[in-house]
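Student: Predicted model follows, preceded by the sequence.
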Amino acid sequence: MKAHILQHVPFEGPAYIGQWLAQRGADIRYTRFWASPALPDPAEVGLLVVMGGPMSVNDEAEFPWLAEEKRFIAEVIALNRPVLGICLGAQLIASAHGARVYRNAEKEIGWFEVAAATSAGSTDHTDTPVPRFEFPARTAVLHWHGETFDLPPGARLLASSAACRHQAFQLGERTVGLQFHLEMTPESLHAIVHHCRDELVPARWIQDEATILDGAPDHFAMTHALMDRLLDWLTRTPHTAHA
C-alpha cells in the first residue's frame, strides 16, 4: 500500500494512523507543507490521509498552497482512492468539493460524545446504493476545532455532536471526513495541548487541560479500535469494483 500523508504543522502528525500503516507494511510518504508544498502524482497515491492544523481552509492568502492542496485532494478522490480527512482535513475535502467552511457557533475542545447520524442526514439522492460506514450509536472522541462546514454535494452525514452537527461525513464510497480526532496517542495529545493551550479558555464546550489529559487513557482503546475499523473499511476492495 502506498500511503501519502498531508501534514500542515509538525505537531499534528499521523500518530496512531502511522502505527496502523506500519503494521501493514505500507510505503508512507509525506507532504509537509511548512517545509515544502510539493505534491505527488495523484495516480501514485494508494491511500491519502489529510491531517489537521490550526489554519483555516479559507486562509489561501496566508497559505497559498491551500488552493493546490484542495485541487490535489479532489483529483485523488476522483480516482476513487481511499481518502481520510481529519479536522482541517475534513474541511479541506468539503471545500475542495464546493462546500462552505465557516466559524462554528462555539469552539469544541475536549472529550465529548458524537452520535451516529441516520440516513436522513444525507445529501446523496442517487439511486445507486453505496455501502455506508457505520459509527457506534454514541462514542466519546477528542474535539479541537472552531470551524465547521456544509456537507459537500452527494455527501452523507455519519455523525453529529451537541455542539456541531457536521462531525463526520462520507463522500462516495471511499472518502470519509472526521471533524474530530481518533488518531491521538499520549504523545500527540500532549503535543497539541502544548502548542494550542491558549485556546483552552472557559466555555461550555471547552474542557480544561487537566480534564483533557486525565481523561485520555479511558478513551484511547475505543478511539483506536474505531480508527482500525474505519481504515480497514476505507482500504477494502470497493463495492463499485465489482459493478
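Tutor: That came through, no problem.

Student: Point to the residue nearest the middle of this protein.
Tutor: Geometric centre of the chain, nearest residue: residue 86, 1.6 Å, by CA atoms, centre = their mean.

Student: Which stretches in this protein count as helices?
Tutor: 16-23, 65-78, 88-96, 186-196, 209-215, 220-234 (DSSP state H).

Student: Pick the most buried one from these.
Tutor: Neighbour counts (mean count of other CB atoms under 10 Å) averaged over each of those peak at helix 88-96, with a mean of 27. Yep, even glycine has a C-beta here, placed from its N, CA and C like the rest.

Student: Contacts for that one, please.
Tutor: With CB atoms under 8 Å, 6 or more residues apart in numbering as the test, helix 88-96 has contacts from 6, 8, 49-58, 66, 69-71, 73-74, 77, 83, 85, 100-101, 147, 149-152, 155, 168-169, 171, 175, 177-179.

Student: Would you write a PyMOL line that selects the buried entries of these?
Tutor: Selection of buried members from the contacts of helix 88-96 for PyMOL, criterion 16 or more other CB atoms under 10 Å:
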select buried, resi 6+8+49+50+51+52+53+54+56+57+58+66+69+70+73+74+77+83+85+101+147+149+151+152+155+168+169+171+175+177+178+179
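
Student: just so I know, which of the helices of the chain lies nearest residue 113?
Tutor: Ranking these by their distance to residue 113 (criterion: CB to CB) puts helix 220-234 first, at 11.6 Å.

Student: For the residue lying closest to residue 185 once chain neighbours are set aside, give me its contacts.
Tutor: Once flanking residues are discounted, residue 185 sits nearest to residue 15: 4.7 Å by CB to CB, 6 or more residues apart in numbering. Each residue near residue 15 by CB under 8 Å, 6+ apart is listed here: 183, 184, 185, 187, 188.

Student: Before I go, just wanted to say thanks for your time.
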